[in-house]
Structure formats: structure tokens, C-alpha cells
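**Q** A structural model of the following input is requested.
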Amino acid sequence: MRTPSAILTQAALAMALAVSFAVSAEEEPTLDLPAAPSEDVKQIKEVCLDLILEQEVPREERNEFLLTCVNDQLFEMGYLAVEAADLK
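**A** Modelled structure (predicted):
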């Protein structure tokens, strides 16, 4: 069971992801950024998967949506983007 603070944190992250996904560019500039901790990537992925369901993203668009969603949030947090294989 999730704690109230975890739920609030996830809700805030979901809102930030929705906004950043809506206004993100096609390609992010290449910068010298650190890799994100795996736990952060896992949490962001979970939020993005929830967004896929909430926004009823068509099945054929889900992989691209997930990768873009995760990478947009990682970029906003100052981390390197991940590859699709990293989200398996």
C-alpha cells in the first residue's frame, strides 16, 4: 500500500509529466548529463504507464509514448535519456 506522501509525489510527477510531454520538442539537445539512478527511472516509468492508461493511448503508440514520457521527465530532472531497451 502506498503512503499518502508517495501518492502525492506520484500525482505531482504525473502532472509535471503531462505538462512536459505536451510541450516537449521532438529532439532534446545533447548535453553532458549524468545517467539517472535506476530507481528514478523505475518510478518515472510507472507514472508514465499510468498516464498511458489515463489518456487511453492507442496500443500501437504506447512504446513511443512511454519512451518520450520517461525521457522528457529525465531531461527536466537533468539526466541523460534512456533507450527503449532500458525500459523493458
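**Q** OK, contacts around the residue nearest to Leu87 when sequence neighbours are not counted?
**A** The shortest distance from Leu87 to any non-neighbouring residue, by C-beta to C-beta, 6 or more residues apart in numbering, is to Lys45 (5.8 Å). Where C-beta positions appear, they are placed from N, C-alpha and C, glycine not excepted. Each residue near Lys45 by C-beta atoms under 8 Å, 6 or more residues apart in numbering is listed here: 66, 70, 87.
**Q** Neighbour-wise, give me the winner out of those residues.
**A** Val70 (25 neighbours; other C-beta atoms under 10 Å).
**Q** Kindly provide the whole-number mean pLDDT of the helix or strand hosting that residue.
**A** Assigned by DSSP states H and E, Val70 belongs to helix 62-76. Taken as a whole, helix 62-76 carries a mean pLDDT of 97.
**Q** Which strands and helices lie in contact with it?
**A** helix 4-23, helix 38-54 (3 or more C-beta pairs under 8 Å, 6 or more residues apart in numbering; DSSP states H and E).
**Q** Quickly, which of these bottoms out on average pLDDT?
**A** For these, the weakest mean pLDDT is recorded on helix 4-23, namely a mean of 59.
**Q** could you measure the closest residue in space to Asn71 that isn't next to it in sequence against Cys69, distance?
**A** Once flanking residues are discounted, Asn71 sits nearest to Ala81: 4.1 Å by C-beta to C-beta, 6+ apart. Distance check for Ala81 against Cys69: by C-beta to C-beta, to the nearest Å, it reads 12 Å.
**Q** Repeat that for Asn63.
**A** 11 Å.
**Q** which of these two has more neighbours?
**A** Neighbours per residue (other C-beta under 10 Å) separate Asn63 from Cys69, with Cys69 holding more: 26 against 13.
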